[in-house]
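Peer 1: Predicted coordinates and the sequence they were generated for:
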Amino acid sequence: HMDMPFGGTTSADDFESGTIAAAFGGTTTIVDFAIQYKGQTLHHAWDTWMKKAEGKAAIDYGFHMIITDLSDQVETVQEWFFGDLDRPDQAAYDCLITIRNLGREPLEEYGQFFASYTAWNEGRGHFFWDEDGTLANFSDRGGTHLDFYVTAKGSPFEKLGRIPHCARGGGKIKAVWRHPALVSQPGPSGHRHVVLCEEARTAGVAQGMSGVAQDYILFPPGGTLRAGEPFSAHVRHLLVKPAADELLAKELEAWWNAFAEDHERVHKLSQAAGE
């Protein structure tokens, strides 16, 4: 425990003395408790412990969040709309996600994490749409479980080098996308699970669980979720069987264009956003 208040006193070591001692003992990484105190958000607690460590730690460090005040400040509603593609052996379904701040204070640098699970990716990884238009396997770039994130070129997150408040991996940015799309490995029948995320509302995409989890982070305009206000994001899931693997990138372009053109229609279907 580094620089931790407890029982009216504070632990003897801060992140400087404690990590130097750890290094002398052969320890190269620590995971410390980051405590959320009553009335704090988890983001506030995480920021507090990050500031305790910044510029002091002599080795790598991470945090295990201690939750003491679980609030209902944020409400998330998912509305699903089902449709068909041109072929009977393929399916499309849209998810409109509405996130609302029910509290009295704005949430700064707010992002909400989502995951879609595709079991047949396990151990093989899945793909993101790289800036050069090719499909890149997270595993080939060293990704196993939220080790890094992919974001938009020129975005605040690329400039910062990370996505603030990420639960794992420190939000480290390692690549930029052509568009925020995730593509699974082919399943037993050759179908792939494709996840398309509304670009203006997506902070980053990532891989979890050695490929099983196709992950994405949504964020509000400007990164601040104002008190009493919602924001919505359109996510489309496709279960598709490309004509041939070498045509996958070309077909992905067509799927993306149709998805992007459909944002306005899908947003208008929402009942949650206007409540």
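Peer 2: Nice, I can see it.
Peer 1: how about Gly187, secondary structure?
Peer 2: Here Gly187 is recorded as coil under DSSP: H, G, I helix; E, B strand; the rest coil.
Peer 1: So it sits against Trp120, correct?
Peer 2: Yes: at 4.7 Å, Gly187 and Trp120 qualify as touching, with contact defined as C-beta atoms under 8 Å. C-beta coordinates here come from the backbone N, C-alpha and C atoms, glycine included.
Peer 1: what helix or strand is Arg236 on?
Peer 2: Arg236 belongs to strand 230-240 when assigned by DSSP states H and E.
Peer 1: Might you report the residue contacts of the residue lying closest to Phe157 once chain neighbours are set aside?
Peer 2: In this structure, Phe157 finds its nearest non-sequential neighbour in Thr151, 4.4 Å apart by C-beta to C-beta, 6 or more residues apart in numbering. Neighbouring residues of Thr151 by C-beta atoms under 8 Å, 6 or more residues apart in numbering: 157-158, 163, 173, 176-177, 203-205.
Peer 1: Report the separation between Thr151 and Arg168.
Peer 2: Distance, Thr151 to Arg168, using C-beta to C-beta, to the nearest Å: 16 Å.
Peer 1: got it, and Leu146?
Peer 2: From Leu146 over to Arg168 (counting by C-beta to C-beta), the distance is 4 Å.
Peer 1: Which one's more surrounded, those two?
Peer 2: Leu146 (22 against 13; other C-beta atoms under 10 Å).
Peer 1: any weak-confidence spans in the stretch 151-275 of the chain?
Peer 2: 167, 272-275 (pLDDT under 70).
Peer 1: For the residue nearest to Glu198 when sequence neighbours are not counted, give its distance to Lys159.
Peer 2: Nearest residue to Glu198, sequence neighbours excluded (C-beta to C-beta, 6+ apart): His234, at 4.4 Å. For His234, the distance to Lys159 equals 25 Å [C-beta to C-beta].
Peer 1: Show me which of those two is the more surrounded one.
Peer 2: His234 (25 against 9).
Peer 1: wait, what's in contact with the residue nearest the centre of the chain?
Peer 2: Centroid-nearest residue in the chain: Ile217, 3.2 Å away (criterion: C-alpha atoms, centre = their mean). Residues in contact with Ile217 (C-beta under 8 Å, 6+ apart) are 111-114, 149, 163, 166, 202-206.
Peer 1: One more pass at 7 Å, please.
Peer 2: Contacts for Ile217 (C-beta atoms under 7 Å, 6 or more residues apart in numbering) come out as 111-113, 163, 202-204.
Peer 1: Most neighbours of all those, which one?
Peer 2: Top of those by neighbour count (other C-beta under 10 Å): Gly204, with 31 neighbours.
Peer 1: pretty sure that residue is touching Gly161, no?
Peer 2: No: contact criterion C-beta atoms under 7 Å: Gly204 and Gly161 do not qualify, at 11.8 Å.
Peer 1: would a markdown table of the contacts of Thr151 with distance to Thr224 and secondary structure be doable?
Peer 2: What follows is the contacts of Thr151, written out as a markdown table (distance: C-beta to C-beta, whole Å; DSSP: H, G, I helix; E, B strand; the rest coil):
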| residue | distance to Thr224 | secondary structure |
| --- | --- | --- |
| Phe157 | 15 | helix |
| Glu158 | 19 | helix |
| Ile163 | 15 | coil |
| Ile173 | 20 | strand |
| Val176 | 23 | strand |
| Trp177 | 23 | strand |
| Ala203 | 13 | strand |
| Gly204 | 17 | strand |
| Val205 | 22 | strand |
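Peer 1: So which of those residues is the closest to Ala136?
Peer 2: Closest approach to Ala136 among these (C-beta to C-beta): Trp177, at 9.4 Å.
Peer 1: Could you check how many residues crowd around that closest one?
Peer 2: 22.
Peer 1: Surely it touches Trp129?
Peer 2: Yes: between Trp177 and Trp129 a contact is recorded at 5.4 Å, counting by C-beta under 7 Å.
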